[in-house]
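*Asks:* Coordinates only, no sequence provided:
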């Protein structure tokens, strides 16, 4: 932690995170000083040294300036904003620390959190029946749901995830509880009650009773979330048809109508696994492709997040691009349950926005930093199947995968103007990252994680070291909309 | 840490590890109680609950028994061994903790440690010239070498690596220093001075002067290690021709003669990268394959560790199997620098012993647990290119990758009768693993890492959770040959 960090509000907490419980009403203006790193473009990170970022009581960035230390900020910058030093919370990153935008997890099943790492040699369809449906179904026990969802939200906050697009379960009360927990702990979240009403794939013990039941229960969660966060400032509902094999046409069309009416985001899965694709072809003989199933029900729009998108035809990709739908790339999941290797460069070339998803528990890791790392590795596996120029192009750089983790994700969840970077008018969703220095005797910092900085590395190399060996120990503090939501011990 | 752990010797240390400095002379007999997990076969882990393992003052396991608690061990087991309770160190694993064999890193460049994570979009040959040779060369500065090597050995010990096969640099003094550091910190290690004398690939600033220079300097490190550890109990020399493109035929033949004379292990690289393979064909037109180059110089024997072995022909694999040479599989490196995906199942089918290597800094991770995880993922990428039964077979299970990390590695480094499992007569190279329990409110254990156990998981599922989300925080204590060499804070 910065040794000059002052006046940070803290809340009593028995957990490993100590979120601030300060309400907007009691919050003060904040001044952050130090090094700030964020994506300038998809290809380039920007490094702002000796910089000052001012955040007002609503959590909005009102100034981003370079060439400031504390004295100069006090003398020149605060007066310009009409802020008095004594009433401002000051946060100074130490040498070697940097502020980075919070991560955005564009696809994660909070309800599957206890199963991370447990998948054996399964692939999608047997994995659903063996591991996933029994666990999800059991979360109608609200005490169990509270324990699971709290652990999931705390864990992902500790990894710097400031925004998540969550799948919950079919249960209304448990889904509403997840929204409550996100709001209380301060994680920006889209919370989706899972719609799955189709006979056959969905087990009898875990299925909506009818299309009407799917829609009614979805409205109940929308209403609940509106009651706890009327402007959807932190928590918002997201329409969540599980995937075409689990949904009736009627339910999907009803959700498309609801989206039209309410202007909400939606999320589902597409083209994850070859067996799944065959199943969709059998179930929807009238549709030319998996993508066309969603298009035919009116669900393919710029407000749709499609997870995976591994085995798309060029025509499907063109349809997705035309509609402006987004893709959540989930490399950890795709490798773990042998779904395939999604081609991010190709999706980008087709004009599709891409973000990253942990896809727990298809993916085992709660960390979007790890997802970025694995996106780099998977892109190299894609490259191994190509030649020459295409092979080189397929590989994603450090800068590109960190873009996916931040600005890319922000575009996917419709928040590109609000989060993912440090600009005036955007909100302060950020993390303070610390990379400890190896001492002269080869000793390593206490509790500092696995990144060893020797001191001669460029900033670019330090960020690469963070990407590849960093973990939650390097994430010292996390803020959402100006509120401190996690602080490492 | 076990709350009943008594009498553990500790040494003052400014680092994150607190190795015991007890010499064999002052060491006591030890009794370990709790759950022990190790590979019974390549396909199956064995879970020994309520078990007792007795380790004598030489670090050798003298009893492995089940059905014991502390009282019964004191009443029945210790008397049988003629041990008095008051003179025995007792270590009891707590609920949820288990003892696991120490990990074996069969291929790691200690000298490249500062470069982990720094590789950009490079592949082998440009990576060597851009990142690797300049760093390795700089370690002739012994203060720098001490800092780098100490950090590397401490870091890998903290991850449970009890045995490493190290590449150092061409510098004799720095290589000898690495051996000194391994002995002092207690990591079992094979330490190799790198031989590279061939004009062309090796830069002028970093090259042995001649084949004779390669051999003379190698002998100097062998002599030094014999002077500090005469029986090669903890630290042993390993002959290290870098790889065929960097070595003259004369140097390789001389090393083969030296191996015949001294009975040492040897290590090199084979078939890592397609450009490298082409270069070998150009440099050795008389050899039919990369593998045949080593065979022709007399280096292919049961005491040779070949790193990578990605693009082998079936004939090469047959030659390797015939000679009994071993393969170090380095999945993190192979994915990171886009070398390819080695086919472990196929290597096993061909009858070749395989272990795991971190291959830092081609690989970024210091952890063999991570290497095991990535071996599972890479095997799934191999599977994606196959169909039907072969596709299923290619995937490695949790049990198989943990076998690679322990017994598989022990076979690769010629220590199968000494380390890698818990049997009478083997040495106590082990780690105590702890997986914290999520509390009823969803709160997570302090400093316990990323594995969240909810309490309903089977032991098999807990081990899977450890494989996929575990890190050094779960490795509570590490022993080599009975000596405590790392203890988490």
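*Replies:* Sure, I can see it. Because the structure is predicted, anything quoted here is derived from the model rather than measured. Numbers count the residues shown, from 1 in each chain, chains lettered A, B, ... in the order given.
*Asks:* Count the neighbours of residue A:286 for me.
*Replies:* 8 (other CB atoms under 10 Å in any protein chain shown). C-betas here are computed from N, CA, C, even on glycine.
*Asks:* So which residues of the stretch 1-150 of chain A form helices?
*Replies:* A:70-72, A:78-81, A:124-127, A:133-138, A:142-158 (DSSP state H, counting those that start in this stretch).
*Asks:* so which of the ones you listed comes closest to chain B?
*Replies:* helix A:142-158 (2.6 Å; CB to the nearest CB).
*Asks:* Could you look over the helices of the stretch 1-150 of chain A and pick the most buried one?
*Replies:* Counting by mean count of other CB atoms under 10 Å in any protein chain shown, helix A:142-158 has the highest mean neighbour count of these, with a mean of 23.
*Asks:* any low-confidence regions in the stretch 1-150 of chain A?
*Replies:* Filtered on pLDDT under 70, the stretch 1-150 of chain A yields the residue ranges A:1-26.
*Asks:* Show me which residues of it are close to chain B?
*Replies:* Within reach of chain B by CB under 8 Å from any CB of the partner chain, the stretch 1-150 of chain A has these residues: A:14-16, A:113-114, A:116-121, A:143, A:146-150.
*Asks:* Now do whichever residue of the stretch 351-489 of chain A sits closest to chain B, the pLDDT please.
*Replies:* Using CB to the nearest CB, the closest approach of the stretch 351-489 of chain A to chain B is made by residue A:442 at 2.6 Å. Residue A:442 is assigned a pLDDT of 93 by the prediction.
*Asks:* Ends of stretch A:436-443, what's the gap?
*Replies:* 11 Å (CA to CA, to the nearest Å).
*Asks:* hmm, who's touching it?
*Replies:* Under the criterion CB atoms under 8 Å, 6 or more residues apart in numbering or on different chains, residues A:96, A:444-445, A:448-449, A:451-455, B:14-16, B:143, B:146-151, B:154 lie in contact with stretch A:436-443.
*Asks:* From the chain's centroid, how far away is that stretch?
*Replies:* Offset of stretch A:436-443 from its chain centre (CA atoms, centre = their mean, to the nearest Å): 34 Å.
*Asks:* what's the answer for stretch A:95-107, then?
*Replies:* 11 Å.
*Asks:* secondary structure class for the nearest residue to residue A:265 once chain neighbours are set aside?
*Replies:* Of all residues not flanking residue A:265 in the chain, residue A:238 sits nearest, at 4.6 Å (CB to CB, 6 or more residues apart in numbering or on different chains). Here residue A:238 is recorded as strand under DSSP: H, G, I helix; E, B strand; the rest coil.
*Asks:* So what's the predicted local confidence for residue A:238?
*Replies:* So residue A:238 comes in at 98 (pLDDT).
*Asks:* number of nearby residues for it?
*Replies:* Residue A:238 has 25 nearby residues by other CB under 10 Å.
*Asks:* sorry, back to before: could you give the number of residues near the residue of the stretch 351-489 of chain A closest to chain B?
*Replies:* Residue A:442: 23 neighbours (other CB under 10 Å).
*Asks:* Please report how far the residue nearest to it when sequence neighbours are not counted lies from residue A:444.
*Replies:* Take residue A:442 and drop its neighbours on the chain: the residue closest to it by CB to CB, 6+ apart is residue B:150, 2.6 Å away. Distance of residue B:150 to residue A:444, given as CB to CB, to the nearest Å: 9 Å.
*Asks:* which SS class is the residue lying farthest from the centre of chain A?
*Replies:* Among residues of chain A, the one most distant from the C-alpha centroid is residue A:441; the distance is 39.1 Å, by CA atoms, centre = their mean. Here residue A:441 is recorded as coil under three-state DSSP.
*Asks:* List phi and psi for it.
*Replies:* phi -90, psi 10 (degrees, to the nearest 10).
*Asks:* so can I have CSV of the helices of the stretch 1-150 of chain A showing distance to residue B:108?
*Replies:* As requested, those are exported to CSV (distance: least, CB to CB, whole Å):
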stretch, distance to residue B:108
helix A:70-72, 44
helix A:78-81, 51
helix A:124-127, 34
helix A:133-138, 38
helix A:142-158, 30
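*Asks:* so which of those comes closest to residue B:296?
*Replies:* Among those, helix A:124-127 comes nearest to residue B:296, with 48.5 Å by CB to CB.
*Asks:* what's the spacing between that closest one and its chain's center?
*Replies:* Remark: helix A:124-127 is offset 24 Å from the chain centroid, using CA atoms, centre = their mean.
*Asks:* Please apply the same query to stretch A:66-81.
*Replies:* 33 Å.
*Asks:* now stretch A:141-149
*Replies:* Distance, centroid of stretch A:141-149 to centroid of chain: 21 Å (CA atoms, centre = their mean).
*Asks:* And for stretch A:42-57?
*Replies:* For stretch A:42-57, the distance to the chain centre is 20 Å (CA atoms, centre = their mean).
*Asks:* What of stretch A:326-338?
*Replies:* That offset, for stretch A:326-338, works out to 14 Å (CA atoms, centre = their mean).
*Asks:* is any part of that stretch close to chain B?
*Replies:* Yes. Judged by CB under 8 Å from any CB, stretch A:326-338 comes into contact with chain B at A:335-336, A:338.
*Asks:* wait, residue A:123 sits on residue A:334?
*Replies:* No. Using CB atoms under 8 Å, residue A:123 is not in contact with residue A:334; the gap is 10.8 Å.
*Asks:* Please identify which of those two sits among more neighbours.
*Replies:* Taking other CB under 10 Å, residue A:123 and residue A:334 do not tie; residue A:334 has more neighbours (29 against 22).
*Asks:* and the more buried one, what element?
*Replies:* Per DSSP states H and E, residue A:334 falls inside helix A:331-336.
*Asks:* ok, and what's touching that helix?
*Replies:* By CB under 8 Å, 6+ apart, helix A:331-336 touches A:119, A:272, A:308, A:310, A:339-342, A:356-359, A:362-365, A:370-371, A:374-375, A:377-378, B:376-377, B:380-381, B:468.
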